[in-house]
Structure formats: structure tokens, C-alpha cells
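Trainee: With the sequence up front, the predicted model follows.
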Amino acid sequence: RLCLEPYLLSTGSKGLHVLVSIKRKYDFKTTRDFAKKIAQLIIKLNTNFTIEPLIKKRENKIFIDIIRNTKGHLSIAPYSLRAIESAPVAMPLEWEQLKNFHHKKFNLKNIKETIQNPWKYLFKKPANLESAQEKLKKLRLATDVLTLTATPIPRTLYLSLMGSKDLSAINTPVQNRLPI
């Protein structure tokens, strides 16, 4: 809907990174603000998500880490080995792989057999954030959704990001709705 092509990376631990190739003309504040607006829309569509950085305040919700879009903050590189039990590897993924995903699936013992390149087009068509921001504004204004689920995390992420209609939508605006 936003003309952004999302790519997925398992961190080798419990996290997943969603990457979007954008033109190299935006500063950290612009990209972080845009990421925050997208995160707020996801939260509006599915209350299983949060941008709350403190674990004790998250209430078992899935954390969308927009802080990574800040100067000086790091992300794990693809194919990086993690120094934890079973030696998992950060792995670029196809979206379909989320259906049966476990964070320890790719590890030092099986990495040679499982190397893939789902990101071969990542840098081919970098996105223009201005047009995506305009589309995001329109999408935010047209969205009122209520959802309650008890779905395991990878499936919830998959359903939410793939635009599943498995969410309960309401036809009337919520009273005192806060704009994103």
C-alpha cells in the first residue's frame, strides 16, 4: 500500500528486523519519524504490538524497535553468528518462512545448507519516503480497527504485515481517537 518493499531478517535471537530500501537522502530523524508512524499504524491495527522500550511496561506485547533508526544504534548483520546456546545465525528470510519459524532454526551446524538470498532486489529500487508518507497519511485516516488475539508471535507478525483480514474491524470511529 505504501509502495515499500519490506525485507525480513531473523536476528539469530528472538527478534526479527524488517528492512526497507530507501533513497540515500534522508537523515536519521526523518527515517525514525517515518518508522514511528508506521509502527503506530501497526499498533492501531493490532494491539499485540508496542513501541514501549521497557520490558516491564510491554505487557507481553511484541516490541517494534524504532530506536534502531537512530544515529549510533546498531542492527545485526545478515549471516552473523550469535554467541548464545546452539550458535544461531542472523538469516535473511522470505516472508513465507515466518509460518514455521523458530529463532534457532538457522545455526552454525546447518548454515551452509540453508544459505539463501531473498534480498537480491533489496537495493535495486530504493523507495522515496515522500510518496510513502502521503500514502501513509491517507491510510491512517481510513483505519479504525479493533483486534484481540492470542496468536503465537511469528504468526501474528506474519498476519499483520501481510495485510491479513483476520482482524476484527469496526465500522464507526472510536470516541476520542488519537491521531497517529
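Mentor: Now that the structure is in, tell me what you want to look at.

Trainee: Only C-alpha atoms from now on, for both contacts and neighbour counts.
Mentor: Noted.

Trainee: Below-threshold pLDDT in the chain: ranges please.
Mentor: Within the chain, the ranges that satisfy pLDDT under 70 run 140-180.

Trainee: now do 50
Mentor: By pLDDT under 50, the low-scoring segments of the chain are 143-153, 155-156, 164-174, 177-180.

Trainee: need the strands for it, in chain order.
Mentor: According to DSSP state E, the chain carries its strands in the segments 6-10, 16-20, 49-50, 62-63, 91-93.

Trainee: As CSV, could you dump the C-alpha coordinates of the second one?
Mentor: Same thing as strand 16-20. Extracted C-alpha coordinates of strand 16-20, given in CSV (Å, rounded to 0.1, in the frame of the first residue of the first chain):
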residue,chain,number,x,y,z
LEU,A,16,13.1,-10.0,13.6
HIS,A,17,14.1,-7.0,11.6
VAL,A,18,12.0,-5.5,8.8
LEU,A,19,14.2,-3.6,6.3
VAL,A,20,13.1,-1.2,3.5
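
Trainee: still on that earlier bit, export the strands of the chain as CSV, with columns for distance to K125 and mean neighbour count.
Mentor: What follows is the strands of the chain, written out as CSV (distance: least, Cα to Cα, whole Å; neighbours: other Cα atoms under 10 Å):
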stretch, distance to K125, mean neighbour count
strand 6-10, 12, 20
strand 16-20, 10, 16
strand 49-50, 29, 22
strand 62-63, 28, 18
strand 91-93, 18, 24
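
Trainee: Fine, thanks again, bye for now.
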